[in-house]
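> Output the structure for:
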Amino acid sequence: MSPLFKSYKPPQKKNKIKLEINPNNIELLRITALPTEDFPGSGLTSYMISKNTRDKIAIWFPKELCLHAAENLEIISDLKFNLATKSRWIKLIASIYYSYTLARLAKQKNINVVHIHWVPLIFITLFMGSKAKYVLTIHGQDARYLSYFPFRYISTRLDKIYVVGRLWTDFLLNKGFSVSEIENFSPIEDSIKEKIIYKKGNKRVLNTVRLCLVGSEKDHKNINIFKRMPEEFFAYLDKKKITLTIVGISEAFFRKVTHKDHIPAGINILGRQNRLATLNEISKSNFLLLPSFTEGNPKVVWEAVQVNTIPIISDTITFLNFDHNNFPFRFNPVDPVDFWEKIKLAIITSEDINLEDYFKLTSYESIREEYNQAYFN
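Below you'll find the predicted structure:
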């Protein structure tokens, strides 16, 4: 970590003059991501809770990258270049500049609530001051930003901080921050549901068990667990007792992290796919594998549950509305033997499992209602 970002405990939150918001006179600016072709799940919840509302949207990437062409959304500002491809220092400088730009625009639009969905853009609170209420939602590993300078000081200006995921909620609570965990379930859109290929029965073809994994080329996704899988796992693949389809990474990346010269028989790596193709792969599978060490909002789990594909989940991942204490198919993400044993256990015992006993499906409306409580109170 750069010397600029030094860990410490947060300062006492300043007594802030409470700004009362009339529910009938709210002017909300939501600073967020939206789904793109490369990241179709990014900002999906923001996209859905903002549709057909008066929310004004600002995004930190070029508008033309939006997957949904900003359907029914009022995007009043976008950053003209893609921060995803920039260095940490460029992101910091761009975040400060964009926060300043948004503050000026927000004042012109008489914004009285600013909801920020990316920690570096909390700089807007410095430029707007007491003109608005500030709500922050932290998605996954972004929580680490908040415990470093200068974000730790700026956080005292926030009226409410939400965190998606139990791991990062506990991380910030242990550092003395006042935060609340929030669900961030992103349901499959109605416009896509009718296009998904649903397999009937137990989804098996010629007694072959279909496994799938939706990931990305990031260390915390733990793709390298396949480097150390037991030989029995690869024997099952070779004999076509199981197949594994991986979405979201390249063959080159898989070979790199697993130190393999070729892709083992039975593993099909598709690379990045659009949202519909990804959901179809999940729907066609018996089991979804999630070996990640951490996840902010594991949207892919909720999507699997919706199409009745059973997730097999790392035991370091916990989140609201998931009964992780009793769900039987959880494994140690640093132990490939345990991973394989839980896959076999799921294959043998999951026929009569009812996912609704372990996962409580909700909707984006409940998230919007939770946010409204923060805006108005």
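
> hey, let's count contacts and neighbours off CA atoms from now on
Will do.

> if I look at Pro311, how far off is Asn110?
Separation of Pro311 from Asn110 (C-alpha to C-alpha, to the nearest Å): 45 Å.

> Settle it for me: which of those two has more neighbours?
Higher neighbour count among Pro311 and Asn110: Pro311, with 27 against 14, using other C-alpha atoms under 10 Å.

> State the next helix or strand along the chain beyond the helix or strand bottoming out on mean pLDDT in the chain.
Averaged element by element with mean pLDDT, DSSP states H and E, the chain has its least confident helix or strand at helix 190-193 (a mean of 78). Once the chain leaves helix 190-193, the next helix or strand it forms, by DSSP states H and E, is strand 209-214.

> can I have the least confident helix or strand of the chain written out in PDB, keeping just the CAs?
Extracted in PDB, the C-alpha atoms of helix 190-193 (Å, rounded to 0.1, in the frame of the first residue of the first chain):
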ATOM      1  CA  ASP A 190     -38.000  -9.300 -16.400                       C
ATOM      2  CA  SER A 191     -36.900  -8.500 -19.900                       C
ATOM      3  CA  ILE A 192     -34.200 -11.200 -19.600                       C
ATOM      4  CA  LYS A 193     -36.100 -13.900 -17.700                       C
END
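
> gap between that helix and the chain center?
Relative to its parent chain, helix 190-193 has a centroid offset of 20 Å by C-alpha atoms, centre = their mean, to the nearest Å.

> Okay, the residue most central in space within the chain and Leu320: tell me how far apart.
Note on the chain: the residue nearest the mean C-alpha position is Asn297, at 3.7 Å, using C-alpha atoms, centre = their mean. According to C-alpha to C-alpha, Asn297 stands 10 Å off from Leu320.

> overlap in contacts of those two?
Here Asn297 and Leu320 have 165, 183 as joint contacts, going by C-alpha atoms under 8 Å, 6 or more residues apart in numbering.

> who touches stretch 269-286?
Against stretch 269-286 from outside (C-alpha under 8 Å, 6+ apart): 37-38, 40-41, 192, 195-199, 202-204, 209-212, 214, 245-251, 288, 303-304, 307-310.

> quick one: contacts for Val337?
Val337 touches 229-230, counting by C-alpha under 8 Å, 6+ apart.

> rerun that using 10 Å as the cut-off
225, 228-233, 331, 343 (C-alpha atoms under 10 Å, 6 or more residues apart in numbering).

> and what of Ile26?
Neighbours of Ile26 in contact, by C-alpha under 10 Å, 6+ apart: 54-55, 110-113, 372, 375-376.

> Mark which of those are part of helices, please.
Taking DSSP state H, the ones among the contacts of Ile26 that sit in helices are 372, 375-376.

> Drop anything exposed from these.
Tyr375 (16 or more other C-alpha atoms under 10 Å).

> Please convert the ones in helices among the contacts of Ile26 to a markdown table, extending it with distance to His220 and pLDDT.
Shown next, in a markdown table, are the ones in helices among the contacts of Ile26 (distance: C-alpha to C-alpha, whole Å; pLDDT from 0 to 100):
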| residue | distance to His220 | pLDDT |
| --- | --- | --- |
| Asn372 | 32 | 90 |
| Tyr375 | 33 | 91 |
| Phe376 | 37 | 82 |
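
> List the contacts of Ile353.
310, 328, 346.

> Count residues in the vicinity of the last one, would you?
Think Ala346. Applying other C-alpha under 10 Å, we find 20 residues neighbouring Ala346.

> can I assume it is in contact with Thr309?
No - with contact defined as C-alpha atoms under 10 Å, Ala346 does not reach Thr309; the gap is 11.4 Å.
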